Every structure is written in C-alpha cells, then in structure tokens.
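In: coords below, sequence missing:
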C-alpha cells in the first residue's frame, strides 16, 4: 500500500520525540493530514481554512497562522478567507473573531482601508420568526424564548445567523460546514444542527466527514467521535 505523503508544514509530524516514541500515532496522524491536505470531496484550500478556524477557536494562534498561510498558498482568496471572520463573530464571539482577523491581516495585508460606516439593516415585523421557521422547520424553544422576552435579541440572532450562512463568499454549503468544523472541534452536539443545514445546502456525507477530520487536527480523535455521532442526529 502506498504510504501517505508527509505534510512538511505539520510541526507534529516534524517532532523528533514523537518520531522516536510514537510511530503508530504519527502514522495515523499523517493519514488524517492526507485527508485534509489534498483535494477530495472538498478542495484542500477550504479544508486548510477550516483547520485555521478550528485552531483559532482553540486558542492555537500559531497553528491558525500556519494553516491560513497554507490555504493562501493553495489559492484561497481573501474573500473566501474573510468568511471565517463572519462565522466566528456569530459562533464564537468577539475574541475569536478578532484573533482570526489579526491572522487574516498578516496573510492578506491592506484589504480594508479607509473609513467604512457602520451598516444599517432593517428587520421587518415577524421577519426573524419566519426565517427561523424556514430554516429549522419549527421554532426552537431557545429562539422562541428570545423572541418573546427580548424581541430585539431575536432580530439580532436572525441578522447574525443570516449573515453567517448566506452572507459570505463561501456560500451556504461551505459556511455551514465551517460551523460544523468549529463545533466538532469543541465536541459540541450542536454540530448536528449545522450538519443537517449543510445537507440541505447540498453537502454530501463525504464532505461532512472531511470537515470533521479537519477538527481532528486541532482537537484529537474525540472530535471525530463527537462529529460522527452528530451526523446520526436527524431532524424529527
């Protein structure tokens, strides 16, 4: 059987200690890296971005930098890369988003210059509620409570969710899968929501599996177990 090509950018695979004491571990890890580092169901440049995003959420700034650099070398455009800042703003908040933006600025300098006014977005009556019903099929209790108790919060959730899934250069499928990568990296059962959203957007089971493997690089084998379990949760 042909041995996988070693990724020379992986510091784990370069570890002299692990090469000496952990041949099985590195042989397995190199195969996971092969899934991520080569074009498959998902282009390698997109998978490198998913690893960078997952690394950002774990606080692994150097890994995020290396993976985003690799993504750029593979042809990832600024518009594609900047989608991660949108996704992280919604799914992991200000700290993670700003950390990624800093990494993005170092790889794609001088992309946003000058004063840019704060955008103004109007939300019509029941617009948020109708959006949630279309996406989820029924109103999730958490969002129903938000609309009932804090209507402006319901509008806020709608705007951020809509921008995350439908407002990026990656398009709905790859944006949903990026959410899967983040949630799988944190072993979150909420990954099932976006796995099903990715399916609705056209993702195949192999694309979903490759996305979860991206999270394995930042979060270990448990990311696969958590993500695979989430694949089995279907809408009722």
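Out: Looks like it came in fine. From a predicted model like this one, the values you see are computed outputs, not experimental measurements. Numbering: from 1, shown residues only.
In: show me what contacts the spatially most central residue of the chain?
Out: Nearest to the geometric centre of the chain sits residue 178, at 2.5 Å (Cα atoms, centre = their mean). Listed by Cβ atoms under 8 Å, 6 or more residues apart in numbering, the contact partners of residue 178 are 49-50, 53, 83-84, 87, 170, 211. Every C-beta, even on glycine, is put in place using the N, C-alpha and C of the backbone.
In: my guess is residue 158 contacts residue 127. True?
Out: Yes: Residue 158 is within contact range of residue 127, at 6.8 Å (criterion: Cβ atoms under 8 Å).
In: so between the two, which is more surrounded?
Out: residue 158 (22 against 15; other Cβ atoms under 10 Å).
In: look up how far residue 218 lies from residue 170.
Out: Residue 170 is 19 Å from residue 218, where distance means Cβ to Cβ, to the nearest Å.
In: those two: which is more packed in?
Out: residue 218 (26 against 22).
In: how about the contacts made by the more buried one?
Out: So residue 218 contacts 51, 54-55, 57-58, 60, 63, 185 (Cβ under 8 Å, 6+ apart).
In: buried ones in the helix or strand where it lies?
Out: If you go by DSSP states H and E, residue 218 is part of helix 205-219. Under the neighbour-count criterion of 16 or more other Cβ atoms under 10 Å, helix 205-219 has 207-219 buried.
In: tabulate these (a markdown table), appending pLDDT and distance to residue 228.
Out: As requested, these are exported to a markdown table (pLDDT from 0 to 100; distance: Cβ to Cβ, whole Å):
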| residue | pLDDT | distance to residue 228 |
| --- | --- | --- |
| 207 | 98 | 14 |
| 208 | 98 | 9 |
| 209 | 98 | 8 |
| 210 | 98 | 12 |
| 211 | 98 | 11 |
| 212 | 98 | 7 |
| 213 | 98 | 10 |
| 214 | 98 | 14 |
| 215 | 98 | 11 |
| 216 | 98 | 11 |
| 217 | 98 | 16 |
| 218 | 98 | 16 |
| 219 | 98 | 13 |
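In: can you map out the helices along the chain?
Out: Assigned by DSSP state H, the helices in the chain fall at 11-14, 16-21, 23-37, 44-58, 61-73, 78-91, 93-107, 127-136, 141-149, 151-166, 171-185, 191-200, 205-219, 221-231.
In: closest to residue 119 out of those?
Out: helix 151-166 (9.9 Å; Cβ to Cβ).
In: rewinding a little: now the helices of the chain in CSV, with distance to residue 121?
Out: Formatted as CSV, the helices of the chain follow (distance: least, Cβ to Cβ, whole Å):
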stretch, distance to residue 121
helix 11-14, 42
helix 16-21, 49
helix 23-37, 36
helix 44-58, 24
helix 61-73, 29
helix 78-91, 14
helix 93-107, 18
helix 127-136, 11
helix 141-149, 17
helix 151-166, 6
helix 171-185, 18
helix 191-200, 22
helix 205-219, 29
helix 221-231, 31
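In: nearest to residue 120, of the ones you listed?
Out: Once these are compared by Cβ to Cβ, helix 151-166 is nearest, at 11.1 Å.
In: any idea of the mean pLDDT for that closest one?
Out: For helix 151-166, mean pLDDT rounds to 96.
In: quick check: angle from that helix to helix 78-91?
Out: For helix 151-166 against helix 78-91, the angle by axes from the mean of the first three to the mean of the last three Cα atoms, to 10 degrees is 150 degrees.
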